[in-house]
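okay, here's the prediction I keep looking at, along with the sequence it came from:
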Amino acid sequence: MKDKQRPIGKNKDNEKKNLLLVSKGFFHPSLLVRWNFRMLLQTLHKDYQITYTSKLDDLSLLKYDISENTADSNDRNIDMDTDINTNSDKPYYDGIILLFHEKVLSPHLLEIIRKYLARGGGLMAVHGAMASFKAMPEYAHILGSKFTGHGTPGKIKVSKALKTTEVPGPSESSESSKPSRATKISKPSKTSIPNKSYSSNDSFTIKDELYLYDFDNTNRVLWWGESGEETAAIVWTRTEGAGRVFCFSLGHYASTFKSVHIKGIITEGLSWITGGEEPW
C-alpha cells in the first residue's frame, strides 16, 4: 500500500512527520535489537510515517524532494530508481534515525547529512551509530562526541539531568570560540559539562552498556548513566546549523527497547528532532 506523502515544510498539524530509519546489522546491533526498536517505533504510527532501509547509500535521498506519487513507506528498502525532483533543496524527511555499527561512510554521504542538518533536518543516533565512523572527525562533530570505549555490560542507573541554563564561561576553554572537550567523563563536573547535576529521584535501572566519549561541553545532557565507578552522559541534544541532533547511547540489548522509560525518551527525542519542544 502506498501512502501519499509531502516534503518537510508542507506538513499540516494533523499530518504525520516523515522519518527515515537506516538500520542494519546481525550481531551489533542484533536482529532482535533492531526488531524491538522497530516495534517501538510502530507504536508511534499516529504521528510518524516511517521508511525503513538497510542501505547507507539511501542517505543520498536526503538531498531530494521525492514525488508524492512514488513514495512508498512500507517495510522494504527504498527503490533507488524512485522518480525524484532534483531541482528542490528541501529535505523530504523531517528526521532520520541511525541504528547500526559501521566503520566506513563515504565523504559524499557525510556531506549530504551535514547539508541536510544545515537546512533544518533532524537526526537521532542510537547506540552503535554513536560508535561508528571513528576515523571521521566531521561525524564526531555532528554528534558532539567521539566514542572511546565502554565497560562490561550490566546494570546502569539512569538519572535525569536537572534543567539548567548554565553554560561554560570563557575561562573554561583555552579557545573561547570552540567548545572544550572532556577527554573522559568519570563524574559530572561544572568544568566539563554545562548541565552537570542529576536527580536521584527521577531515575531507573536498566541492563545495558555504558558508552564513554570525548565529549563536547556544548551538548545539553538530558540523562546520565552510572555503572560501577563510571558516570557518563547517555542522552543529549545539540544543534548543527539549523538542524537538531539527538544522541541516545543505550541499546546493546533488545530488552532496552521494551522499557517504558526508554520509549518515553525515544518519543520525546523524535518529537524534538522533528520540530517539537526540547525534551526535559
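Perfect, I can see it now.

please count neighbours and contacts with C-alpha atoms only from this point.
Noted.

which residues in this structure form helices?
With DSSP state H as the criterion, the chain has helices at 31-42, 107-118, 137-143, 260-273.

do you know which of these lies nearest Lys157?
Nearest to Lys157 among the helices of the chain is helix 260-273 (12.2 Å), distances taken as C-alpha to C-alpha.

which other helices and strands contact that closest one?
Applying 3 or more C-alpha pairs under 8 Å, 6 or more residues apart in numbering; DSSP states H and E, one finds that helix 260-273 makes contact with strand 122-126, strand 243-248.

could you find the closest non-adjacent residue to Tyr52?
Closest residue to Tyr52 apart from its sequence neighbours, by C-alpha to C-alpha, 6 or more residues apart in numbering: Leu21 at 5.0 Å.

please apply the same query to Lys55.
Spatial nearest neighbour of Lys55, excluding adjacent residues (C-alpha to C-alpha, 6+ apart): Val22 at 6.8 Å.

from Leu99, how far out is that neighbour?
According to C-alpha to C-alpha, to the nearest Å, Val22 stands 6 Å off from Leu99.

of the two, which one has the most company?
Leu99 (25 against 20; other C-alpha atoms under 10 Å).

where does the chain dip in pLDDT?
Along the chain, segments meeting pLDDT under 70 span 1-14, 64-91, 164-201, 280.

what residue is smack in the middle of it?
Note on the chain: the residue nearest the mean C-alpha position is Met124, at 2.0 Å, using C-alpha atoms, centre = their mean.

wait, that residue touches Asp94, no?
No: using C-alpha atoms under 8 Å, Met124 is not in contact with Asp94, being 11.2 Å away.

buried set for stretch 227-246?
Residues 227, 230-240, 243-246 are the ones in stretch 227-246 that count as buried (16 or more other C-alpha atoms under 10 Å).

show me the two of those that sit farthest apart.
Pairwise over the buried residues of stretch 227-246, using C-alpha to C-alpha, the maximum falls at Ser227 and Gly243, 31.8 Å.

run through the bridge partners of the closest residue to Ile273 other than its chain neighbours.
Leaving aside its chain neighbours, Ile273 sits nearest to Gly122 (4.5 Å; criterion: C-alpha to C-alpha, 6+ apart). Residues in a beta bridge with Gly122, per DSSP bridges, are Arg244.

next: Gly154.
Gly154 has the following beta-bridge partners by DSSP bridges: Asp208.

residues in contact with it?
Shown here is Gly154, whose contacts under the criterion C-alpha atoms under 8 Å, 6 or more residues apart in numbering are Lys207, Asp208, Glu209, Ser227.

now, among those residues, which is nearest to Phe147?
Set against Phe147, the nearest of the contacts of Gly154 by C-alpha to C-alpha is Glu209 (12.9 Å).

strands along the protein, start to end?
Ranges of strands within the chain are 17-23, 48-53, 65-66, 84-85, 95-99, 122-126, 145-150, 154-161, 181-182, 198-208, 211-216, 220-227, 230-240, 243-248, based on DSSP state E.

measure how buried the closest residue to Asp57 other than its chain neighbours is and give me the count.
Closest residue to Asp57 apart from its sequence neighbours, by C-alpha to C-alpha, 6+ apart: Leu109 at 7.3 Å. Per other C-alpha under 10 Å, the neighbour tally for Leu109 reads 17.

relative to Thr239, how far out is Arg119?
On the measure of C-alpha to C-alpha, Arg119 and Thr239 end up 12 Å apart.

make that Leu109, sorry
In terms of C-alpha to C-alpha, Leu109 sits 19 Å off from Thr239.

contacts only, for the residue nearest to the centre of the chain.
Shown in contact with Met124 (C-alpha under 8 Å, 6+ apart): Gly95, Ile96, Ile97, Leu98, Val245, Phe246, Cys247, Phe248, Gly269, Leu270, Ile273.

hmm, which two among those are most spread apart?
For the contacts of Met124, with distances taken as C-alpha to C-alpha, the pair at the greatest spread is Gly95 and Phe248 (14.8 Å).

between the two, who's got more neighbours?
Ranked by neighbour count (other C-alpha under 10 Å), Gly95 and Phe248 place Gly95 first, with 31 against 23.
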